[in-house]
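Colleague: Next come a sequence and a model predicted from it.
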Amino acid sequence: MALPANAQEKKYPEPEPMKPGMSEYWTPQRKVVTPGNIQTQSAPSDAIVLFDGTDLSKWEMEDGTAAAWTLKDGVMTVNKQKGSIRTKEKFGSFQLHLEWSNPKDIEGSSQARGNSGVYLQGMYEIQILDSYNNETYINGMVGSIYKQTPPLVNPMRKPGEWNVYDIIYTAPVFKEDGDYLYRPRVTVLLNGVVVQCNTEILGTTEYIGFPKTIKHGDGPILLQSHGDPSQPISFRNIWIRKL
Ligand code: MG
């Protein structure tokens, strides 16, 4: 049977609209692990230092203007009025180290408590959240690939202490038609404990709906300014090694 001449214009049904709760699951809540005495790591000699406490010169706002987060005492803090920041430089596969802390007196619950995130290549969010005695949907807790894969365990430190992320990321390879040939993969250690082990990233980390496949090249590291009303979180000691 011949294809209709207008096959390109054929209309297919649109998917049913989704709500946020349709991609959130709460069980089984993750086992709490008390981390060891991993505190900080100075950058190795071949690393690109993205933030060492002196300035924000490696960062910019999403519109390309100067990074407008607060810098004080060697620590940078989210400015929720200004928005997310990203590195000026773009990266493919990498090893990333960063440290972050929630305010000691942080308030709020579930997703509205210390919510931030680190976006790999500007596309894929590894969640940052105060998950210390704070339950939420497990694929949105600290160490999750947001709305995809929950962490293996919960080694979160309490508010006021510094948490350490070490993220080893393999960039995706795309086919010409824009689909993945190889999806991105990520290993994440939180406070020295593996929470993602060579996990396949399924696509973009959407708040509503399924992961999307969007063809891209190298991208920035983006740190999220989240709109939740809790006090802003802080970062220090950020470095990256290209792989
Ligand atoms: Mg977030």
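Modeller: That came through fine.

Colleague: Can you report phi and psi for the closest residue to residue 83 other than its chain neighbours?
Modeller: Spatial nearest neighbour of residue 83, chain neighbours left out: residue 225 (4.9 Å); criterion: CB to CB, 6 or more residues apart in numbering. Any C-beta I mention is one placed from the backbone N, CA and C, and that applies to glycine too. According to degrees, to the nearest 10, the main-chain angles of residue 225 amount to phi -100, psi 110.

Colleague: Might you report the residue contacts of residue 225?
Modeller: 78, 79, 80, 82, 83, 84, 85, 116, 232 (CB atoms under 8 Å, 6 or more residues apart in numbering).

Colleague: By neighbour count, which of these wins?
Modeller: Within the contacts of residue 225, most neighbours by other CB atoms under 10 Å means residue 85, with 27 neighbours.

Colleague: Report the contact partners of it.
Modeller: 56, 59, 60, 61, 62, 67, 68, 69, 222, 223, 225.

Colleague: Please, a PyMOL command that selects the buried ones among those?
Modeller: Typed into PyMOL, the line below selects the buried ones among the contacts of residue 85, using 16 or more other CB atoms under 10 Å:
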select buried, resi 56+59+60+61+67+69+222+223+225
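
Colleague: Just the contacts of residue 85: which are in strands?
Modeller: Judged by DSSP state E, the contacts of residue 85 include 59, 60, 61, 222, 223 as members of strands.

Colleague: so what's the second one bridging to?
Modeller: Here residue 60 shows beta-bridge partners residue 66, residue 86, assigned using DSSP bridges.

Colleague: how far away is it from residue 89?
Modeller: 10 Å (CB to CB, to the nearest Å).

Colleague: Ok, the first one next?
Modeller: With distances defined as CB to CB, the gap from residue 59 to residue 89 amounts to 10 Å.

Colleague: Which single residue of this structure ends up nearest the ion?
Modeller: Using CB to the ion, the single residue of the chain nearest to the ion is residue 117, 3.3 Å away.

Colleague: Read off the pLDDT value for the residue nearest to that residue when sequence neighbours are not counted.
Modeller: Of all residues not flanking residue 117 in the chain, residue 224 sits nearest, at 3.9 Å (CB to CB, 6+ apart). With respect to pLDDT, residue 224 scores 97.

Colleague: I'd assumed residue 127 was in contact with residue 224.
Modeller: No - with contact defined as CB atoms under 8 Å, residue 224 does not count as touching residue 127 (9.0 Å).
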